[in-house]
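how would this look folded up:
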Amino acid sequence: MGKQVGIIPFTGRVGPLIGYRVGNQYLVRSMPAQVRQTPATRRSAQDFGKASRLGRSLRNAIHPQLTVPSDSTLGRPQRF
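All right, here's what the predicted structure looks like:
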């Protein structure tokens, strides 16, 4: 992982490079030449996606019933 130095930092894919942001730093990495997935890992990723969508549905359904104030930092890394 390298730091991006330049006038215009980027996120996303540009050719074989992937730019991303962590905190206030913009970093870059190269794409892997090949991604291998076994049938088991593919099935596991699909199951995780289903569970994630179900969790979102539950959170959205329960949210109006909660009396606690909303916390927008949920799921974001904390900076100390």
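
tell me which element the nearest residue to Q37 once chain neighbours are set aside falls in.
Of all residues beyond its chain neighbours, the one nearest Q37 is A45 (7.6 Å), with distances taken as Cβ to Cβ, 6 or more residues apart in numbering. Placement of C-beta: from N, CA and C, glycine included. Using DSSP states H and E, A45 maps to helix 39-62.

now that helix: average pLDDT?
Regarding helix 39-62, the rounded mean pLDDT is 94.

ok, now stretch 15-27?
92.

and it, how far out from the chain's middle?
13 Å (Cα atoms, centre = their mean, to the nearest Å).

Y26 and M1, how far apart?
11 Å (Cβ to Cβ, to the nearest Å).

can you list the domain ranges for this protein.
1-32, 35-65 (automatic domain parsing).

deepest of those, which one?
Highest mean neighbour count of those: domain 1-32, a mean of 11 (counted as mean count of other Cβ atoms under 10 Å).

how far off centre is that one?
Centre-to-centre, domain 1-32 and its host chain are 15 Å apart (Cα atoms, centre = their mean).

got it, and stretch 56-75?
20 Å.

gap between P39 and D47?
Distance from P39 to D47, by Cβ to Cβ: 13 Å.

correction: L58
16 Å.

and for F10?
33 Å.

ditto for V35
V35 is 19 Å from D47, by Cβ to Cβ.

cool, and Q4?
35 Å.

and if you look at R21?
From R21 to D47 the distance is 29 Å (Cβ to Cβ).

please apply the same query to Y26.
Distance from Y26 to D47, by Cβ to Cβ: 33 Å.

per-residue confidence at A33?
88.

and the end-to-end length of stretch 16-35?
End-to-end span of stretch 16-35 (Cα to Cα, to the nearest Å): 14 Å.
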